[in-house]
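# What follows is a predicted structure for the sequence shown.
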Amino acid sequence: MSTPTSEIIDRCQALFDDLNFTYAREWKAAVPGRVVVGYMPFYVPREIIHAAGGLPLGVLGGGEQLEVIQGDAYYQSYICRIPRSTIELGVTNRLDFVDAMLFPSICDVIRNLSGMWKIMFPKVKSRYFDVPQNFADKVGGTFYIHELNELRALLAEATGREVTDDAIRASIALFNENRALVREVYAFRARTPWKAPSAEVYLLMRAGMVLAVEEHSRMLREYLVAAAAEDRPKRDNSRVVVTGAFCEQPPLNLIKSIELSGCYIVDDDFMLVNRWEQSDVPTEGDPLANLSNAYLHNSASTSAKYEPDRAKKGLFLVEAVRRTHAEGVIFATPSFCDPALLDRPMQQRVLAEHGIPYIAFKYAENSGQMQPIREQAGTFADSIKLWSAA
Amino acid sequence: MNAARTVEVAKDSSMLKQKEMISGNYRKLENAVADGRKVAATFVPGNLNELIMCFDVVNNLPEINAIQNGLRKKTGGYIMEAEKRGHSEDVCTYVKADLGMIAKGNIGPDGQKLPDPDLLLLSYTGCFTFMKWFELLRDQYKCETAMLHVPYQGDGQISKNMISYVVKQMKEEVIPKLERVSGVKFDIDRLRENLARSAKAEEDFVWVLESAKAKPSPIDAYFGGVYYIGPIFTAFRGTQDAVEYYRLLRAEIAERLAAGQGPVTPAGDMPAERYRLVVEGPPNWTSFRDFWKMFYEEGAVVVASTYTKVGGLYDQGFRHDPAKPLESLAEYCLGCYTNRNLPARIDLIEQYMEEYQADGLLINSIKSCNSFSAGQLLMLREIEKRTGKPAAFIESDLVDPRYFSPANIKNRLESYFQMVDQRRAGGKSVPARAA
Ligand code: SF4
Ligand code: SF4
C-alpha cells in the first residue's frame, strides 16, 4: 500500500513550518564532520556541495510565520522582505549550525547581503556566487569553471577533505534523477492539475530545499504514485502560469488563493534551483565543464539572467505557456524586486504579441490580506473563460 | 587685480570649460546623424570611454541625461510617463526618467532631439539594474547590444580570473561590435594614447579630492565633487579637454588652499567650516541646490564622499595604464565603488573618516538604488562602532521629486549637527547655536 498524499504533504508542511531547521541539524549531528551549506534563491550548483559530503540547505526567507523584529533594523522600507527575514533567521540563531552560506548572483540586494553576512557572522564561510552573463564557452564558460573550482576549494576547506571529480559525477547523477522527478511532478500537474494542487506541489518542492537529495527523490516518487491513485474532483478552472516569484517566496496562502479563485497553476518559477538545468547533465567527462555547459546552454531563463538575443526575450515564458496548455500568465512579484519588476514590461510585450492574456500583482512573503488577490485572480479566470468561449 | 578677483576668474575658467565640454558633447550627439557619426549609449561606472573614442563613436550616457533632466526638474513628468506605460513604481527612477524621456520624443536635457543609439554598450558594473535597463532600451531601439559582464568583488579582491574574463569579453564581444558598428578598425596604440591622457587627468583629479584633507577644506567633496567628477566619469576621460579641465581646476583649488579659503557654494564663499562630514550615497538631483544649502548654511562641508568614486577609485592609487591597455580597463571596471563588497566599502569610509578628520558620517539613502542602499544601515552601525563618531541617515531619491521631503531632511540634519556638537563637547550638552 502506498503512502497517501496527505501523509507526504503533512511531512512537507512540517518541514516548511520548521524555521529551526531540525532536519538539517539532525542530519549534521548524525555523522561527525558533516557540513551544511546554506544558499539563497535562485541557483547554486548543489552537486558540488553534495559531493563534498555537505547538505545544501535552501534559505528562502522567513515566510509568513516569522516575526521579523531585528531584521527590520537593517533595511529601509523600500527594500524587499527576504533579506530582512533572512537576517532575522541569522540573528535569532536559527542558522547557527550552517557552516557556509552562498549568495547567488541574482540582484544587488542579495549581493550586498553576502557582505553583510561576512560582517555579522564572521565564523561562517560566506561567498557571493557569481555566474557568467556571457554564454560563450571560452569566455563565460572559462570564468564559470574557475568559479566552480573556487567553490570546490571552499568546500574542501570546510570539510577538510578533497572534493574529487568522481564524487561530483556521482552527485550529478543523483541530482539528475531528482530533477527528472521534479520535471515529472510538474508534467503530472500540468496534465491533471486537479490531482496535484499547487500548494501541495509547492510544499513538495520546498521540502527539496531542506532534505537530502536522495530522500527528496524518494518522496517525489511516492507522491507521484499516491497522487495518481487518488481521486479528486476536477474543477472548471482556468490554467495559468505563475511567474516572477523566483526569489522571495509568496505566502502559501497566496498560492492557495490563486487556485481557490478558479486558476490551476500549471507552471511556475518558484524555486528555480531544482529545475534550473532543463535536461540531464552528462555524468561522463569533466564534471565542472559539464555543469558549466548546462548552465550556459541548457538552463532556465529568468530575470536574473541576461538574454543576449532580443528575439528570444520572453520566449521561455511563452514556451512554458504552450507546453502546459496554459491560458494565461500571472505575474506575481515581490514588492521592490528589481529584477522581476524591470523585466515584467518586456515579458508582457512578448505575451501580448503572442496573444496570451496576463495579470500582475505584487506581494510580500508576509502578506496577510488575500482578498484582493483572490478577486483579481478570480476575475482573470472568468475573463479567460469568456475569452476562450468567444 | 586683487586676490579674491583672481580666484573668481580662475573658478570661472574651469566651470566654463566643463560647461563647454558638456554642451559640445550634446551638440555632437544632436548632429551625429548629419555628421555620419555612430552613437553608443553606455553607463558611467566601468565605462570604456577611451576604447569608445578609438572608434570615433559619440558617447551618450543615459544616467547623465537623467541627472541633467533632474537638475532641470523635468524628471518628475518623465517618471510618471514611464509608470503610466507599465513600469513599476518600485524600480530605479533613472531607468524610468530615461524611458519617459524617450516616450516623450527623446528630447535631451538641452532641448534638442537625441539620436537613437547604434550600439548599447552594456557595462554591467556594480549594479544589476543596468542589465535590465539596456534590455529595455534594446526593446525600443532594436539595435546592437554588447554586454560586458564585470564580476562583483564578492571577496573584496580582484582575481586574475576576473581580469581575464573581462579582457576576453572586450576582445571577443565589445571590440568586434564597436568595429562593426563604426566601420573603424581597432588600433591599440590609439587606445594607449587615450589612456595616457586619462592617467594625467586622474593625477590632478586626485590632488583636488585630497585637498579636502586641509582645514578648512577648499572644496566640498560631495556637492562640489559632483561637478569635479563630471569630465572624468563621462564622455571625456582620455581627452585633451579633460587633461586641461583638471589642470585648471587644480590650479584654482591650489589658490584657494593657499589663501585658506573654504569651498565655493552657489551663495558664494562658504562661511566658516564648522562640521566636516563624510557622505555615503548619491545626492538628490531634483532639489540639489536646496539640499546643498542645508549644509553650507550650517557650515557643514563634505570632505569625502563615496558617490564621487562610482566611476573609479583613483584616490586609492588606480591609474589607467597605457602599458597594459585592456587589463587596465578591466581593472578599472572591476574596481568601481559599487563593485566592491560591503566590508570593503565600510573600510573605505572608515579610512576617509580618519584621513579627512571628519566629525561624522551622513548616509543619503536612495530609494531607487539597491546597489547603494541595501546594507547601508549596517554600514552606519559599523562606522559608529569603529570610529566612535556619530552617523546619521536620511532618505531621498535621485530624480523622483516625490521622495524629497525638505522639512524632514532639514530636521534630521539639524539634530545631527547638534549631536556632533554634543559629541565634541565630550557628551556634555552645548548651548543652542545662534540661528
Ligand atoms: S526579492 Fe528580488 S530584489 Fe529581493 S532579494 Fe530577491 S531578487 Fe533581489
Ligand atoms: S540602481 Fe543605482 S546604480 Fe543602478 S542605475 Fe539605478 S541609480 Fe544607478
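Cool, got the structure. Ligands and ions are numbered 1, 2, ... in the order given.
# Show the contacting residues for the most centrally placed residue in chain A.
Geometric centre of chain A, nearest residue: residue A:271, 0.9 Å, by CA atoms, centre = their mean. Residues in contact with residue A:271, defined by CB atoms under 8 Å, 6 or more residues apart in numbering or on different chains, are A:41-42, A:58, A:60, A:205-206, A:208-209, A:246, A:249. The way it works is simple: take the backbone N, C-alpha and C, and place the C-beta from them, glycine included.
# neighbours of the nearest residue to residue B:49 once chain neighbours are set aside, just the number please.
Sequence neighbours aside, residue B:237 is the residue nearest to residue B:49 in space, at 4.6 Å (criterion: CB to CB, 6 or more residues apart in numbering or on different chains). By other CB atoms under 10 Å in any protein chain shown, 27 other residues sit near residue B:237.
# Does residue B:237 touch residue B:231 like I think?
Yes - counting by CB atoms under 8 Å, residue B:231 is a contact partner of residue B:237 at 7.1 Å.
# what do these two both touch?
Listed as contacting both residue B:237 and residue B:231 by CB under 8 Å, 6+ apart are residue B:201.
# quick one: low-confidence parts of the chain?
Using chain A here. Scanning chain A for pLDDT under 70 picks out A:1, A:389-390.
# other chain: chain B
B:1-12, B:427-435.
# and stretch A:314-327, anywhere near chain B?
No - judged by CB under 8 Å from any CB of the partner chain, stretch A:314-327 makes no contact with chain B; its nearest approach is 9.7 Å.
# how about that stretch: buried residues?
For stretch A:314-327, the neighbour count (16 or more other CB atoms under 10 Å in any protein chain shown) marks A:314-318, A:320-321, A:324, A:326-327 as buried.
# from what I can see residue B:15 touches residue B:224, true?
No - if you go by CB under 8 Å, residue B:15 and residue B:224 don't touch, sitting 10.6 Å apart.
# Show me what residue of the stretch 251-390 of chain A gets nearest to ligand 1.
residue A:337 (3.2 Å; CB to the nearest ligand atom).
# ok, how many other residues are close to the closest residue in space to that residue that isn't next to it in sequence?
Leaving aside its sequence neighbours, residue A:337 sits nearest to residue A:80 (CB to CB, 6+ apart; 5.5 Å). For residue A:80, the count of nearby residues is 27 (other CB under 10 Å).
# For residue A:80, list the residues it contacts.
A:109, A:247-248, A:334-337, A:364.
# Of the residues you listed, keep whichever come out buried.
Applying 16+ other CB under 10 Å to the contacts of residue A:80, the neighbour count classes A:109, A:247-248, A:334-337, A:364 as buried.
# And the strands in the stretch 251-390 of chain A?
For the stretch 251-390 of chain A, the strands defined by DSSP state E, counting those that start in this stretch cover A:263-268, A:328-334, A:358-363.
# Can you say which of the ones you listed is nearest to ligand 2?
Evaluated with CB to the nearest ligand atom, the strands of the stretch 251-390 of chain A place strand A:328-334 nearest to ligand 2, the distance being 16.7 Å.
# roughly how far apart are the most centrally placed residue in chain B and residue B:209?
Residue closest to the average C-alpha location in chain B (CA atoms, centre = their mean): residue B:308, at 4.9 Å. In this view, residue B:308 and residue B:209 are 7 Å apart by CB to CB, to the nearest Å.
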